[in-house]
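Chemist: Would you be able to build a 3D model of this:
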Amino acid sequence: MRHYVRQTLDSWDARSDDAVLIASELATNAITHGRDGVVVSIVQDQSGTLIEIHDDNPNVPVTPSRDTDALGGRGMEIITHLARDWGIHRHADNGKTVWARLR
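Modeler: Next up, the predicted model:
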């Protein structure tokens, strides 16, 4: 997945390091908390680069607690700092798409 994101963005001459990290964090959440199948989508339009990750779990990501000893739970905080904006679209099939737009 990281290779796909980097290769796609490199072909668009877009900044890829932040995008790869954002996609990796979103995909990790989807794989860790989803049930079956994760779909990655990257779109570039006039407003920038959009990364979307769809999974079949209706539960939305949570922002982390400030527990500095925790082993995980900082992915959405990383995304908040790297992305211009991010959000969630819930689907009628109980799945969701979590998206992030690059700065």
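Chemist: Longest helix in the chain, by number of residues?
Modeler: Secondary structure of the chain per DSSP state H: the longest helix is helix 17-33.
Chemist: The helix or strand following it pairs with which strands?
Modeler: Remark: after helix 17-33, the chain's next helix or strand is strand 39-45, criterion DSSP states H and E. Under the criterion DSSP bridges, strand 39-45 sits next to strand 48-55 (antiparallel) in its sheet.
Chemist: that older thread, list the contacts of the longest helix of the chain.
Modeler: Contact with helix 17-33 is made by 1-2, 5-6, 9, 38, 40, 42, 49, 51, 53-55, 57, 59, 61, 75-76, 78-79, 82-83, 98, 100, 102-103, as judged by C-beta atoms under 8 Å, 6 or more residues apart in numbering. In this view, the C-beta of every residue, glycine as well, is placed from N, C-alpha and C.
Chemist: Dump that helix to CSV, restricted to CA.
Modeler: Provided in CSV are the C-alpha atoms of helix 17-33 (Å, rounded to 0.1, in the frame of the first residue of the first chain):
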residue,chain,number,x,y,z
ASP,A,17,6.1,11.6,2.3
ASP,A,18,3.2,13.1,4.2
ALA,A,19,0.7,11.2,2.0
VAL,A,20,2.4,7.9,2.6
LEU,A,21,2.4,8.4,6.3
ILE,A,22,-1.2,9.5,6.4
ALA,A,23,-2.3,6.6,4.2
SER,A,24,-0.3,4.2,6.3
GLU,A,25,-1.9,5.4,9.6
LEU,A,26,-5.5,5.3,8.1
ALA,A,27,-4.9,1.8,6.6
THR,A,28,-3.5,0.6,9.9
ASN,A,29,-6.6,1.7,11.7
ALA,A,30,-8.8,0.1,9.1
ILE,A,31,-6.9,-3.2,9.1
THR,A,32,-6.7,-3.3,12.9
HIS,A,33,-10.3,-2.4,13.6
